[in-house]
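Engineer: sequence unknown, structure follows:
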Ligand SMILES: Cc1ncc(COP(=O)(O)O)c(C=O)c1O
């Protein structure tokens, strides 16, 4: 049966060259990077070479890159330990952040004031609201806003947020998971206090992530033990994962423009084709001026028996997509992000998310299938 994978915001397939590189290392490089003998030194070199490459792709210094198990861990580390150890009294964030941020903030709500900004019907924050909030209190503040939204594909005005944070002496934590490898990021030009990325969103392996921690912000570790990662994150390092992440990022940076061009074309063909099937279809989030995460298209289908069954029918037809709903006690509700933008809960949202492995032919197939479910 034909399988089409349009769920790349959930995770991406491993690049074949990354898989080859990792399997060679898995067979040969079993050393513990903390051992001082030959095998340990080889494993250490793999990690430090990877750190150097990742740091250089981000304009960071090698001392500012730390490896963790996932972006969820990276974000927990930055948020919790800024509150517990950097004197942060207030965190400004938004309701459209990933759960690994919103749920972390909920877990520390007794330790810090959490202020959630408003978003409009397109999911945009308001810079003037952010400025007013920053001006309105002398409390030590951290702003946690994502680079690119994983559900509706919005991009935050990162440079402006960063300048406002600088002007008002607030820290800036940015969950850049959906943006790393898709947009140029240069921490030497745009100031971040903390920035997280995760390998499996840019065709690297799962279970490995990096966090950039600006040298000015000295937070202690969340995981204690053998003092790995310069005592920021104890535990024997995921040598193969780190090497795979570094190679995947090399490729993503090298091929960024070609991948973007290909994906944008596919995305546009899908958009146009969907509107031909039903002009009442809407797209969630900002769609203008090339100012969106081009790998994501969040589609809101009008209420009706056909759209009710769409997700199910697509799955049966071998098309892998993600719904915009969260299932709670057997009842399907709009996700927190869709609820925050005031999405009509009677409509059904499906998120298509692309990679350069997708083809126009796959879009044609998907459109034909959707057309047949509709007629
Ligand atoms: C925006 C965003 N942040 C964080 C995460 C969590 O990443 P990880 O799977 O590495 O914990 C995801 C994964 O879906 C995401 O899309």
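Structural biologist: Cool, got the structure. All of these numbers come straight from a predicted model, not from anything done at the bench.
Engineer: before we move on, which element is residue 253 in?
Structural biologist: Assigned by DSSP states H and E, residue 253 belongs to helix 239-254.
Engineer: list the buried residues in that helix.
Structural biologist: 239-253 (16 or more other C-beta atoms under 10 Å). The C-beta positions use only the backbone N, C-alpha and C, and glycine is treated the same way.
Engineer: up against the ligand, what does the stretch 1-150 of the chain have?
Structural biologist: 70-72, 98, 100, 146, 150 (C-beta under 6 Å from any ligand atom).
Engineer: repeat that with 8 Å
Structural biologist: By the rule C-beta under 8 Å from any ligand atom, the part of the stretch 1-150 of the chain lying against the ligand is 9-11, 69-75, 97-98, 100-101, 146, 148-150.
Engineer: could you flag which of these are buried?
Structural biologist: 9, 69-75, 97-98, 100-101, 146, 148-150.
Engineer: what's the closest of those residues to residue 306?
Structural biologist: residue 9 (24.5 Å; C-beta to C-beta).
Engineer: sec struct for residue 212, please.
Structural biologist: strand (DSSP: H, G, I helix; E, B strand; the rest coil).
Engineer: next helix or strand past the helix-or-strand element of the chain with minimal mean pLDDT?
Structural biologist: Least confident helix or strand, the chain: strand 325-328 with a mean of 62, by mean pLDDT, DSSP states H and E. Remark: after strand 325-328, the chain's next helix or strand is strand 331-334, criterion DSSP H and E.
Engineer: after that following strand, which helix or strand is next?
Structural biologist: Trace forward from strand 331-334 with DSSP H and E and the next one is helix 336-340.
Engineer: model confidence over that next one, on average?
Structural biologist: Mean pLDDT, helix 336-340: 96.
Engineer: contacts for it?
Structural biologist: Residues outside helix 336-340 that contact it (C-beta atoms under 8 Å, 6 or more residues apart in numbering) are 94-96, 99, 102, 119, 123, 149, 151-152, 284, 324-326, 333, 345, 349.
Engineer: quick one: contacts for residue 225?
Structural biologist: 234-235.
Engineer: residue 323 versus that one, what's the distance?
Structural biologist: 39 Å (C-beta to C-beta, to the nearest Å).
Engineer: now the helix or strand hosting residue 163: buried residues?
Structural biologist: Using DSSP H and E, residue 163 falls within helix 158-167. Neighbour counts over helix 158-167 (16+ other C-beta under 10 Å) mark 158, 161-162, 164-165 as buried.
Engineer: before we move on, what about stretch 9-22?
Structural biologist: Here stretch 9-22 shows 9, 12, 14-15, 18, 21-22 as buried, counting by 16+ other C-beta under 10 Å.
Engineer: which ones among those residues lie within helices?
Structural biologist: Among the buried residues of stretch 9-22, DSSP state H puts 18, 21-22 in helices.
Engineer: just to revisit the earlier point, which ChimeraX command selects the buried ones in the contacts of helix 336-340?
Structural biologist: Filtering the contacts of helix 336-340 down to the buried ones (16+ other C-beta under 10 Å) takes a single ChimeraX command:
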select :94,95,96,102,119,123,149,151,152,284,324,325,349
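Engineer: can you flag which of the contacts of helix 336-340 belong to helices?
Structural biologist: Per DSSP H, the subset of the contacts of helix 336-340 in helices is 99, 102.
Engineer: flag the shaky bits of the stretch 251-375 of the chain, pLDDT-wise.
Structural biologist: 325-331 (pLDDT under 70).
Engineer: just the helices in the protein please.
Structural biologist: 16-28, 38-58, 71-85, 99-107, 127-135, 158-167, 228-231, 239-254, 256-277, 305-308, 310-316, 336-340, 360-374.
Engineer: format those as a markdown table; extra columns: distance to residue 202.
Structural biologist: Listed next are the helices of the chain as a markdown table, based on distance: least, C-beta to C-beta, whole Å:
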| stretch | distance to residue 202 |
| --- | --- |
| helix 16-28 | 10 |
| helix 38-58 | 11 |
| helix 71-85 | 12 |
| helix 99-107 | 17 |
| helix 127-135 | 28 |
| helix 158-167 | 18 |
| helix 228-231 | 21 |
| helix 239-254 | 5 |
| helix 256-277 | 10 |
| helix 305-308 | 32 |
| helix 310-316 | 25 |
| helix 336-340 | 22 |
| helix 360-374 | 20 |
